[in-house]
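[1] here is the input, now give the coordinates:
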Amino acid sequence: MTPPARRPAAGARTGPATAAAAPAAPPPAAVPTGSGAPAAPGAPAEGGTPALGAAPTDPAVPPRLPHPAHRPGPAHPAERAADASAGAGPGSGSGRDIARRAGADPLFRLVAYALEAAHGRPPAAVWSAPHAFHLGSPGLVAAAGWPVAAAAAPRDDGMVRLSSLGHPADSCDLPLTLSGPPPAAPAWAVRPYAVLRALARAGHGLGGTDLHVQGSLTDAAGLATAEPADCAVALAVADVHAPPGTEPDRARLARLLAAALPDGDDALRRAVLFGLPGRALLLGTGERPHRYSSFDPPASDARLVLVAVRGEPAERAAELARAVELARRAGALSAWPPGPGPGRSALVLLPASRPAAVRAAVTEDFRARERPVPRFLNIAVAGAARRED
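    Next comes the predicted model:
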């Protein structure tokens, strides 16, 4: 099997946790980020700004501004139809000039520029998809204000060209085949290629696509990264190959992704595709695949924080249990894993007055034992994936 052609992505960063712009990239606009704490009731939340001491150099968090999950925009039509799309549609703007638009979010400027630098073409669309998490009850999920971004441009020669600043030495050009074994690809590109192949089999993007993918969190943060990337890729590719003014069918894409990637978490994918700010998604079946319930910690004078432990994998379960117990003693109301089972992180619900006390209690204990201090990230309950125009 012929290995894929590999080209270093222009503007490549030095590792999966440093989102440094390419030397020739237009500098992102300086936008104040605020304190990082979720907003008080009635005020706009600040999405996923690092909180409680998450440093800009933290390997879990590339240095960028948070997703504008609560900015003014069209109401999410998911309340009207399960297959409707959220945010601005293809006719409302273009991803072509995002890289040079001073007011655009720096992550979206970066991913648009990186596609053009790596593949020689501006994107036809840029989509963002939020990370998602479980709420500790079966079938109850929500979206988080930390996005994955995908920039795409359509092709007509049956090739796909994939790149990511998280894997600068592993860009690749692959033929888009509908049957038989998939072509050899770098490890990171296997999953995006599977998504592209499933879409092509369903009639989306048969001509091929140039695609660049970039996340705002790494696996070290403790939230699932595959599902938001799956959704961002699927929405971007379906969008750029659709007739003008046509929105991707989210319900159909959810079914395609579930069939193509059965090892993924379908509940999280549905939170990514259909989430609403300040709402949890309760999954169902049949004619009512999901419904919504209120989950808005700031409205209840509370804060939702992700605590992720570091260190050796064999020690993470015990260290996480200790961090959670310390948080409870310092005033945390409840805690649960963000995934379907135990991992390296826990979501902790705190009274609005207790984040500093919880952070101090956990930090002092871990430092006293000369253990790596856990990461703390504010989590805002965000809206679904959307096109960024």
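
[2] I'd like the next helix or strand past the helix or strand containing residue 271.
    Here residue 271, judged by DSSP states H and E, is contained in helix 266-274. For helix 266-274, the following helix or strand on the C-terminal side (DSSP H and E) is strand 279-283.

[3] now do the host helix or strand of residue 364: which elements does it pack against?
    Using DSSP H and E, residue 364 sits within helix 355-368. With contacts defined as 3 or more C-beta pairs under 8 Å, 6 or more residues apart in numbering; DSSP states H and E, helix 355-368 has these neighbours: strand 302-308, helix 313-329. For the C-beta atoms, the positions are set from N, CA and C on the backbone; glycine is no exception.

[4] ranking those by burial, who's on top?
    Stretch with highest mean neighbour count among the helices and strands packed on helix 355-368: strand 302-308 (a mean of 24; mean count of other C-beta atoms under 10 Å).

[5] isn't residue 347 right next to residue 336, touching?
    Yes: counting by C-beta atoms under 8 Å, residue 336 is a contact partner of residue 347 at 5.7 Å.

[6] need the residues touching each of the two.
    Both residue 347 and residue 336 are contacted by residue 136, under the criterion C-beta atoms under 8 Å, 6 or more residues apart in numbering.

[7] so these two - more neighbours on which side?
    Between residue 347 and residue 336, counted using other C-beta atoms under 10 Å, residue 347 has the larger neighbour count: 24 against 15.

[8] for the more buried one, give the beta-bridge partners.
    Going by DSSP bridges, residue 347 is paired in beta bridges with residue 306, residue 336.

[9] pull the contacting residues for it.
    By C-beta under 8 Å, 6+ apart, residue 347 lies in contact with 133, 136, 304-307, 335-338, 379.

[10] let's see 6 Å
    Neighbouring residues of residue 347 by C-beta atoms under 6 Å, 6 or more residues apart in numbering: 306, 336, 338.

[11] can I get the residues you listed in TSV including pLDDT and distance to residue 195?
    Output for the contacts of residue 347, formatted as TSV (pLDDT from 0 to 100; distance: C-beta to C-beta, whole Å):
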residue	pLDDT	distance to residue 195
306	97	26
336	95	29
338	95	23
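
[12] of those residues, closest to residue 257?
    Using C-beta to C-beta, residue 338 comes nearest to residue 257 of these, at 19.6 Å.

[13] quick one: the closest one from residue 387, how far?
    26 Å (C-beta to C-beta, to the nearest Å).

[14] quickly find the element holding residue 149.
    For residue 149, the host element (DSSP H and E) is strand 140-154.

[15] partner strands of that strand, with direction?
    Counting by DSSP bridges, the strands paired with strand 140-154 are strand 125-134 (antiparallel), strand 208-215 (antiparallel), strand 279-283 (antiparallel), strand 381-382 (antiparallel).

[16] ok, back up a step: mind putting the helices and strands packed on helix 355-368 into JSON lines with distance to residue 112?
    Output for these, formatted as JSON lines (distance: least, C-beta to C-beta, whole Å):
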{"stretch": "strand 302-308", "distance to residue 112": "28"}
{"stretch": "helix 313-329", "distance to residue 112": "36"}
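
[17] so who does residue 323 touch?
    By C-beta under 6 Å, 6+ apart, residue 323 lies in contact with 307, 309, 362, 374.

[18] er, residue 175 I mean
    By C-beta under 6 Å, 6+ apart, the contact set of residue 175 is empty.

[19] quick revisit: between the helices and strands packed on helix 355-368, which gets nearest to residue 155?
    Ranking the helices and strands packed on helix 355-368 by their distance to residue 155 (criterion: C-beta to C-beta) puts strand 302-308 first, at 37.9 Å.

[20] just the residues contacting that closest one, thanks.
    Here strand 302-308 has contacts from 38, 221-222, 297, 323, 344-350, 352, 355, 374-377, 379, using C-beta under 6 Å, 6+ apart.

[21] quick one: distance of that strand to the chain centre.
    In terms of C-alpha atoms, centre = their mean, to the nearest Å, the centre of strand 302-308 is found 17 Å from the chain centre.

[22] grab the CA positions of it and hand them over as PDB.
    C-alpha atoms of strand 302-308 as PDB (Å, rounded to 0.1, in the frame of the first residue of the first chain):
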ATOM      1  CA  ALA A 302     -23.300  28.400  40.700                       C
ATOM      2  CA  ARG A 303     -20.300  27.600  38.600                       C
ATOM      3  CA  LEU A 304     -19.400  24.500  36.600                       C
ATOM      4  CA  VAL A 305     -15.700  23.700  36.600                       C
ATOM      5  CA  LEU A 306     -13.700  20.800  35.000                       C
ATOM      6  CA  VAL A 307     -11.000  19.400  37.200                       C
ATOM      7  CA  ALA A 308      -8.400  17.300  35.300                       C
END
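
[23] got the angle between that strand and strand 125-134?
    Orientation check (axes from the mean of the first three to the mean of the last three C-alpha atoms, to 10 degrees): strand 302-308 against strand 125-134 gives 90 degrees.

[24] that older thread, the strand holding residue 149 vs helix 266-274, what angle?
    Using the same axes, to 10 degrees: strand 140-154 against helix 266-274 is 60 degrees.
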